[in-house]
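Visitor: test case, fold it:
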Amino acid sequence: MDEKPTYVSRVRVVRKRGPVREATLPAESEPVVFSTHDEVREHYGTAAGEYPEHATTLDYVVAAAAG
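Guide: Reported below is the predicted structural model:
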C-alpha cells in the first residue's frame, strides 16, 4: 500500500493541573479547554469548584462521532 494519508491532524494536548487540559487544534485561534463536570467529576472524586467545569474529552469524542 503506497498511498499517503490525505490528512494528518496536528493536535497538541497539555495537562495543566488535575483534570484540566488544553488542546491546540487546527483552525482554532485559542486552545480548547477540557476538564470535568457533574457525574464525571464525582467519578474522579474531585470536589465542586476544585477545578473549572468544562466539557470532557469524552464529550468531544461523542460529539464528533454524532456529527
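
Visitor: what sits against residue 37?
Guide: Going by Cβ atoms under 8 Å, 6 or more residues apart in numbering, residue 37 touches 53-56. (Each C-beta comes from the backbone N, C-alpha and C, glycine too.)

Visitor: same question for residue 22.
Guide: 13-14, 16, 31-34.

Visitor: surely it forms part of a helix?
Guide: No. Looking at residue 22 with DSSP: H, G, I helix; E, B strand; the rest coil, it is strand, so not inside a helix.

Visitor: quick revisit: highest neighbour count among the contacts of residue 37?
Guide: residue 56 (19 neighbours; other Cβ atoms under 10 Å).

Visitor: what is the three-state secondary structure of the residue nearest to that one when sequence neighbours are not counted?
Guide: Nearest residue to residue 56 in three dimensions, chain neighbours excluded: residue 40, at 5.3 Å (Cβ to Cβ, 6 or more residues apart in numbering). Secondary structure assignment for residue 40 (three-state DSSP): helix.

Visitor: spatially central residue for this structure, please.
Guide: Central residue check for the chain by Cα atoms, centre = their mean: the C-alpha nearest the mean position is that of residue 57, 3.5 Å away.

Visitor: brilliant, that's me finished.
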